[in-house]
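# can't give you the sequence, but here's the structure:
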C-alpha cells in the first residue's frame, strides 16, 4: 500500500568482529623483576668476604696478640701516623693535580689536599674501600663541568700509584727474602717475554691495520695516558710523588710491626709490606680490613715470624691508616656545616643582594664552586 513502510527483513546480516589477539604471555609482556636480595648480595659481596676473612683469622689465631698490639698504640705512634699521612696525602694530591693538568682541568693544590683527605677517610670508614675515590671523582668532574675528565683524572691518578707499586714489587720480591721469592724469580722471565711479545704483536697490528673509529678512540685514550703520566711536564713529578707515597706506606707498615711487637729487620718486613699493599687493592674489604690481614698472616707465617703476629701487624696498620685519615673527617664536617642552609655564613640578606647573587654566594661555601671565566670550565678555587 502507498505510504506503508517496506517490511524489515527477518534477519539483518551481521558483520563478524575480528577475533581479538591472544594476550601475550606474561614472560613476553614484561621482564621478570629482579630480586632485591640478589642485587644486595652483589653490592655487598666484597664487604661480606672481608668480614668473613677477618672473622675466620681472629677465630683461628685468637685475639691476644692483636689486642696487645692495639694497646701499644700511644700518643707518639699517633703523631707519627699523622705526620706520615700528611706527607703522603699532600704528595698524592699533587699527583692528582698533575694528572688533572694533563687532562686540561685546573685543580688547586689546597682543594686537592682537602678532597684527598676526605676521600681517604671515606675509604677507611665505608665498606669497599673505594667509595671515597668515587665521590672525589664525581665531585671534581661536576665542578669542572666535565664529569668524564674528572673521573678519568682520579682513575689515572690511582693507576699511577698502582704502577709504582708493581714496579717496586717486581724489583723487591725476586731479590729480598720473602715467601714468594722463588716463585717471583721463576715468573720474571716468562712475564717479561709475554709482555714483550704482546707489545710486538700490538705494534704490528697497529702498523698493518687500516685506521678505524675504534682504533681512533684507543689512540686518543693512549695519548691522554701518555700526556698525563709520561710527558716531560708531568712524568717526573708523578714518579717522584708516587715513590714518596709508596715509601710512606712502607714506613707505616714498619711502624705497625714495631708496635705489634715484631723485631724483624726492615729488609725482611719490606717484601711482606709489599704483599700486604697488593692485597689491599682487592675490592673485598671493609675499610681495607680483610684480604690484607689474610695475606699478611700467611706471609708472616711463611717467613717464620708467626701468623698471629702478621694479623696484629695488619690490624695495627689499618688503625694507623685510619688515624692518618682523620683530618678528612674534619674536612667533611666543615663542609657539611658550610653547606647547612641554617648556617649563619650561608645567610645572605636579600636587601643587599638579588636572588641570583644570593644563590651564587650561598653556593660558594662549597669548595668546588666557581664561576666560569674566559671560556674555562668551572674549577675548584678554594677549600
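Great, that's in hand. Nothing here was measured: the structure is a model prediction, and the numbers come from that model. Residues are numbered from 1 along each chain as shown.
# tell me what the helix or strand residue 111 falls within is packed against?
According to DSSP states H and E, residue 111 maps onto helix 109-125. Counting contacts by 3 or more CB pairs under 8 Å, 6 or more residues apart in numbering; DSSP states H and E, helix 109-125 packs against helix 75-102, helix 131-144, helix 307-324, helix 326-339. The C-beta positions use only the backbone N, C-alpha and C, and glycine is treated the same way.
# let's see it at 10 Å
With contacts taken as 3 or more CB pairs under 10 Å, 6 or more residues apart in numbering; DSSP states H and E, helix 109-125 sits against helix 75-102, helix 131-144, helix 147-172, helix 307-324, helix 326-339.
# angle of the last one against helix 75-102?
So that's helix 326-339. Angle of helix 326-339 versus helix 75-102, following axes from the mean of the first three to the mean of the last three CA atoms, to 10 degrees, is 60 degrees.
# just the buried residues of helix 326-339, please?
Under the neighbour-count criterion of 16 or more other CB atoms under 10 Å, helix 326-339 has 326-329, 331-332, 335 buried.
# residue 326 and residue 81 touch, don't they?
Yes - using CB atoms under 10 Å, residue 326 makes contact with residue 81 at a distance of 9.3 Å.
# quick one on the thing from earlier: okay, the helices and strands packed on helix 109-125, which one's buried deepest?
Sort the helices and strands packed on helix 109-125 by mean neighbour count, taking mean count of other CB atoms under 10 Å, and helix 307-324 sits at the top with a mean of 26.
# which elements pack onto that one?
Judged by 3+ CB pairs under 10 Å, 6+ apart, the packing partners of helix 307-324 are helix 45-61, helix 64-71, helix 75-102, helix 109-125, helix 235-259, helix 266-280, helix 291-302.
# please point out which parts of the helix holding residue 111 sit buried.
By 16+ other CB under 10 Å, the buried positions in helix 109-125 come out as 111-125.
# hang on, the earlier thing: export the helices and strands packed on helix 307-324 to JSON lines and tack on distance to residue 161?
Rendered in JSON lines, the data for the helices and strands packed on helix 307-324 read as follows (distance: least, CB to CB, whole Å):
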{"stretch": "helix 45-61", "distance to residue 161": "20"}
{"stretch": "helix 64-71", "distance to residue 161": "27"}
{"stretch": "helix 75-102", "distance to residue 161": "7"}
{"stretch": "helix 109-125", "distance to residue 161": "12"}
{"stretch": "helix 235-259", "distance to residue 161": "6"}
{"stretch": "helix 266-280", "distance to residue 161": "10"}
{"stretch": "helix 291-302", "distance to residue 161": "16"}
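# ok, which of the ones you listed comes nearest residue 132?
Of all those, helix 109-125 sits nearest to residue 132, with 3.2 Å by CB to CB.
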